[in-house]
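Following is a predicted model, sequence given first.
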Amino acid sequence: MAATLHVSQRALNRKDFHVLGLAALGGALEFYDFIIFVFFASVLGPLFFPHEMPEWLVMIQTFGIFAAGYLVRPIGGIIMAHFGDRIGRKRIFALSVFIMSAATLGMALLPTYSHIGVAAPILLILLRMLQGAAIGGEVPGAWTFVAEHVPANRVGMATGFLCSGLTLGILIGSLVAAGINWAFSPEEVKHFAWRIPFLLGGVFGLIGVYLRRFLSETPVFMAMKAAQQEHAVLPVKAVLTEHRHGVIISALLTWVLSAGIMVTTLMTATFLEKQYGYTALEALLANAFGTLFLLFSCVIGGALVDRYGSARFFSWAGIIFALVTFLFYQYAGTSLPLLFGLYALMGTVVGIVDGVPYVMVRAFPAPVRFSGISFSYNVAYAVFGGLTPLVVTTLMVAHPMAPAWYLVFIGLLASATGLYLFKHGHKVEGRIGLH
C-alpha cells in the first residue's frame, strides 16, 4: 500500500486539541446514553412487562432488550460507515449522536405497560435498537475522524484521548445512577425519577450534536474526494475481498478490548461481592476508582504506542496485563485498602486497549477505512462481547478464579498479536493518509 498524501510529524497544536476535545466530549455523552439503561434495568423490568410475569422472566427479557443494542451494532455500524466513506466523516459523526439522543429522549418519555400494554416493551426494544445502531457508528467513526485530523506520529495519543472520553461516559452514568438512588426513595425512582437520567441523556446528546457543528471534515477525506479515490464497489465488499489481514487482526484486538473492559469494569463488582463478601457500595466505589485510573491510562497507553509502535507495545503490554489482572483477583479479598490499590493498578494496565484503534485505523486505506473498522469492530464486539459474560460466568461454576484465568488468556492473546505484528505488520499497517 503506497501513500500519496504526506502527513506531518509534529506535536499536537491548539486546533488538534479543539478537535479532540469536541470529539471526546461527544463520545462521552453518547456512551452515557448507551449504558444508562443497564443501571436502571431492575426498575424498568416491572414497569414495561406484565405484573403477573415471574420476576426472573422479567429480568431476562429486560436484559435481552439491553443486549439487543449490542446485537444491532454491526448492522447500524456498517450502514453508517458506508455513508461515512462516501459522503464524509463529519456528517455521520454528527448523525450518530443525533440518533442516540433522540432514542434516549424517547425512552424518557415512553409510556409504561400500565398505560399502553404490550406496545410499551415493543417501543422500548425499538428505541434500544436505535441506540445500538448509533453506537455502532460512533466508535469507529470517532477513531477514524480523530486519526485523520492529527499528525501521524500522534494517532495513538489522539485515540487514547478519545477512549478516555468514552470511559468518562461510563463513569458519568454510574455517578448519575448513584445520585438518583441517593436523592429519591425506591418508590419515587419507580414512579418518575427513573426518567431523569434518560432526559439528561437526551439533552446531553443534543448538546453533543450542536458542538459537533464546529468540527471540520478530515483533511484525509477532503483529499480523497479531491483525488476522486472513492471505491467503485461497496466499501464493505472491498474490505472483505482486499483487506482480510486487517479484518482478522482488528477482530482479534477487538476481543482484547471487549474482554478487558467488560470483565474488569462491568463484571468485577459482582465478583467482589460474591467471592470476597464486599458490600455493593465497597465494590462499586473500588470499581469507580479503577475506572478513574483507566480514564488517564488510555492517554498514557496511546503515547507509548506512538513512541514504540504497536508490535513492541502489545508484546510487552499483554504480558504485564496478564500478570497484574491475575494478582488482582488473587489478592483482592485481602483488605479494602489493598483492593483499591490493586484496582488502580488494574485500571492502569487496562489502558493497553488504546493500542487497538491505533492498529485499526492503519489496517484499512482511507477510501474504506470507516467501513473496515466498523465491520471488524462491531461484528467482533457482538460475538466476543456477547459471549464473554456467558463464558466467564459458566467457568466460575467450575473455578472461582475463572475471571483471572480468562484475562490471563486475553493478555497472552494481546502479546501474541504483538509478535504477529513484528513479522507481518507490513500486511496490516499502512499510513493514515491516502493509499
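Done, it's in. Given the structure is predicted, the values throughout are model-derived calculations rather than measurements.

Can you give the domain ranges for this structure?
13-214, 227-435 (automatic domain parsing).

Nearest to residue 220, out of those domains?
Within those, the stretch nearest residue 220 is domain 13-214; the backing value is 3.9 Å (C-beta to C-beta). From N, CA and C alone the C-beta is placed, and that goes for glycine too.

follow-up on the earlier one: any chance of the domains of the chain in JSON lines, plus distance to residue 220?
Formatted as JSON lines, the domains of the chain follow (distance: least, C-beta to C-beta, whole Å):
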{"stretch": "domain 13-214", "distance to residue 220": "4"}
{"stretch": "domain 227-435", "distance to residue 220": "5"}
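
any idea which of these scores lowest on pLDDT?
Comparing mean pLDDT across these, the weakest is domain 13-214, with a mean of 81.

chain center to it, what's the gap?
11 Å (C-alpha atoms, centre = their mean, to the nearest Å).

on that earlier part again, turn the domains of the chain into JSON lines, columns for mean neighbour count.
Listed next are the domains of the chain as JSON lines, based on neighbours: other C-beta atoms under 10 Å:
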{"stretch": "domain 13-214", "mean neighbour count": "20"}
{"stretch": "domain 227-435", "mean neighbour count": "20"}
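
In terms of secondary structure, what does the helix or strand where residue 169 lies contact?
Residue 169 belongs to helix 155-183 when assigned by DSSP states H and E. Of the remaining helices and strands, those touching helix 155-183 by 3 or more C-beta pairs under 8 Å, 6 or more residues apart in numbering; DSSP states H and E are helix 14-39, helix 119-147, helix 195-211, helix 280-308, helix 355-362.

Of these, give the one that comes closest to residue 420.
helix 355-362 (10.7 Å).

by how many degrees do the helix or strand just after that closest one and helix 355-362 diverge?
Per DSSP H and E, helix 355-362 leads on to helix 369-380 as the next helix or strand towards the C-terminus. Orientation check (axes from the mean of the first three to the mean of the last three C-alpha atoms, to 10 degrees): helix 369-380 against helix 355-362 gives 140 degrees.

And the contacts of the next helix or strand after helix 369-380?
Following helix 369-380 in sequence order, the next helix or strand is helix 386-398 (DSSP H and E). Residues from elsewhere that reach helix 386-398, judged by C-beta atoms under 8 Å, 6 or more residues apart in numbering: 67, 70-71, 258-259, 262-263, 267, 271, 402-403, 405-406.

From the chain's centroid, how far away is helix 386-398?
Worked out by C-alpha atoms, centre = their mean, helix 386-398 lies 20 Å from the chain centre.

Please export the C-alpha coordinates of it as PDB.
Output in PDB follows, covering the C-alpha atoms of helix 386-398 (Å, rounded to 0.1, in the frame of the first residue of the first chain):
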ATOM      1  CA  GLY A 386     -21.800 -11.100  23.900                       C
ATOM      2  CA  LEU A 387     -20.100 -14.300  24.800                       C
ATOM      3  CA  THR A 388     -17.600 -13.100  27.400                       C
ATOM      4  CA  PRO A 389     -20.100 -12.700  30.300                       C
ATOM      5  CA  LEU A 390     -21.600 -16.100  29.500                       C
ATOM      6  CA  VAL A 391     -18.300 -17.900  29.300                       C
ATOM      7  CA  VAL A 392     -16.800 -16.300  32.400                       C
ATOM      8  CA  THR A 393     -20.000 -16.900  34.500                       C
ATOM      9  CA  THR A 394     -20.200 -20.500  33.300                       C
ATOM     10  CA  LEU A 395     -16.500 -21.100  34.100                       C
ATOM     11  CA  MET A 396     -16.900 -19.600  37.600                       C
ATOM     12  CA  VAL A 397     -19.200 -22.600  38.500                       C
ATOM     13  CA  ALA A 398     -16.200 -24.800  38.000                       C
END
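
From the contact counts, what lies against the very next helix or strand once past that helix?
Next along the chain after helix 386-398, taking DSSP H and E as the criterion, comes helix 402-428. In terms of contacts (3+ C-beta pairs under 8 Å, 6+ apart), helix 402-428 is packed against helix 244-261, helix 310-331, helix 355-362, helix 386-398.

and helix 402-428, how far from the chain's centre?
19 Å.

I'd like the distance from residue 103 to residue 133, if you could.
Residue 103 is 9 Å from residue 133, where distance means C-beta to C-beta, to the nearest Å.

what do the two both touch?
Joint contacts of residue 103 and residue 133 (C-beta under 8 Å, 6+ apart) do not exist.

Pretty sure residue 319 sits against residue 415.
Yes: in terms of C-beta atoms under 8 Å, residue 319 counts as a neighbour of residue 415; the distance is 5.2 Å.

Identify, from the contacts of helix 386-398, the entry nearest to residue 183.
residue 267 (27.2 Å).

what sits against that closest one?
Residue 267 neighbours (C-beta under 8 Å, 6+ apart): 389, 392, 403.

before we move on, back to that, residue 84: which of the helices and strands packed on helix 402-428 is closest?
Of all the helices and strands packed on helix 402-428, it is helix 355-362 that lies closest to residue 84, at 13.1 Å by C-beta to C-beta.

That closest one packs against which elements?
helix 119-147, helix 155-183, helix 244-261, helix 280-308, helix 310-331, helix 369-380, helix 402-428.

re earlier: do you know which of the helices and strands packed on helix 155-183 lies nearest residue 178?
Where the helices and strands packed on helix 155-183 are weighed against each other on C-beta to C-beta, the nearest is helix 280-308, at 7.4 Å.

now that closest one against helix 355-362, angle please.
Angle, helix 280-308 to helix 355-362, by the same axes, to 10 degrees: 40 degrees.

Residue 212 is in contact with residue 93, isn't it?
Yes: the pair residue 212 and residue 93 passes the contact test of C-beta under 8 Å, sitting 6.1 Å apart.

Give me the common contacts of these two.
What both residue 212 and residue 93 touch, as defined by C-beta under 8 Å, 6+ apart, is the set 23, 26.

ok, residue 102 - contacts?
130, 202, 205.

For the second one, give me its contacts.
To tie it back to what came earlier, the one meant is residue 202. 33, 101, 102, 104, 105, 106, 108.

and what of the last one?
When contacts are counted by C-beta under 8 Å, 6+ apart, residue 205 is found next to 29, 30, 33, 97, 98, 100, 101, 102, 104, 105.

distance of it from residue 361?
Distance from residue 205 to residue 361, by C-beta to C-beta: 25 Å.

same deal with the second one?
Residue 202 sits 30 Å away from residue 361 when distances are taken as C-beta to C-beta.

I'd assumed residue 240 was in contact with residue 364.
No: using C-beta under 8 Å, residue 364 is not in contact with residue 240; the gap is 11.3 Å.

what about the helices and strands packed on helix 155-183, which gets the closest to residue 182?
Closest approach to residue 182 among the helices and strands packed on helix 155-183 (C-beta to C-beta): helix 280-308, 10.8 Å.
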